[in-house]
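>>> here is the input, now give the coordinates:
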Amino acid sequence: MGPQPPSYRETVLLPVGWEDKEGNLHKEAEVRPVTGADELWIGMSPQYARHPNDLVYKTLLLSRTVTRLGPKTKLNPGDIGALHALDVRALEYAVYRLTYGEENLPEEDPSTPGG
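Numbers count the residues shown, from 1 in each chain. Here you go, the predicted structure:
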């Protein structure tokens, strides 16, 4: 699959799952590709200005490109930060694949953090 238009949505099954306030576990999320507006918003965000690093960037990016987490459709960086690292990785790869295409996915390196 090559790059997808910004209106495209894909369902992602989370390996661990997100627990809502009632204690219900949700294993389904929905993502969309990255837009230029997403990157501009991150570049202008106070969080990224204070801490311009890869983890802040990825958290902010996922808070924009994850369009649904279980039944929740309004997400913020705190919601992404509360996810298990395996779920974050699954969401990252789905967004990356939709934005840049399957053939451009980075290879995983188990010797590096998150890699």
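>>> can you give me the buried ones in the strand ranked longest in the chain?
What stands out as the longest strand in the chain, according to DSSP state E, is strand 10-19. Residues of strand 10-19 classed as buried by neighbour count (16 or more other Cβ atoms under 10 Å): 10, 12, 14, 17-18. The C-beta positions use only the backbone N, C-alpha and C, and glycine is treated the same way.
>>> looking at the residues you listed, which is nearest Leu83?
Trp18 (6.0 Å; Cβ to Cβ).
>>> can you map out the helices along the protein?
36-44, 46-50, 54-65, 77-81, 85-100 (DSSP state H).
>>> adding mean neighbour count, distance to Glu22 and mean pLDDT, write those helices out as JSON lines.
Converted to JSON lines, the helices of the chain look like this (neighbours: other Cβ atoms under 10 Å; distance: least, Cβ to Cβ, whole Å; pLDDT from 0 to 100):
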{"stretch": "helix 36-44", "mean neighbour count": "13", "distance to Glu22": "30", "mean pLDDT": "96"}
{"stretch": "helix 46-50", "mean neighbour count": "11", "distance to Glu22": "29", "mean pLDDT": "94"}
{"stretch": "helix 54-65", "mean neighbour count": "19", "distance to Glu22": "22", "mean pLDDT": "96"}
{"stretch": "helix 77-81", "mean neighbour count": "15", "distance to Glu22": "15", "mean pLDDT": "95"}
{"stretch": "helix 85-100", "mean neighbour count": "19", "distance to Glu22": "19", "mean pLDDT": "95"}
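>>> among those, which is nearest Gly2?
helix 85-100 (8.8 Å).
>>> so which residues make contact with the closest one?
Applying Cβ atoms under 8 Å, 6 or more residues apart in numbering, the contact partners of helix 85-100 are 1, 3-4, 8, 10, 12-18, 29, 31-34, 58, 61-62, 65-66, 80, 83, 104-106, 114.
>>> farthest residue from the center of this protein?
Glu22 (23.2 Å; Cα atoms, centre = their mean).
>>> that residue and Gly70, how far apart?
Glu22 sits 11 Å away from Gly70, taking Cβ to Cβ, to the nearest Å as the criterion.
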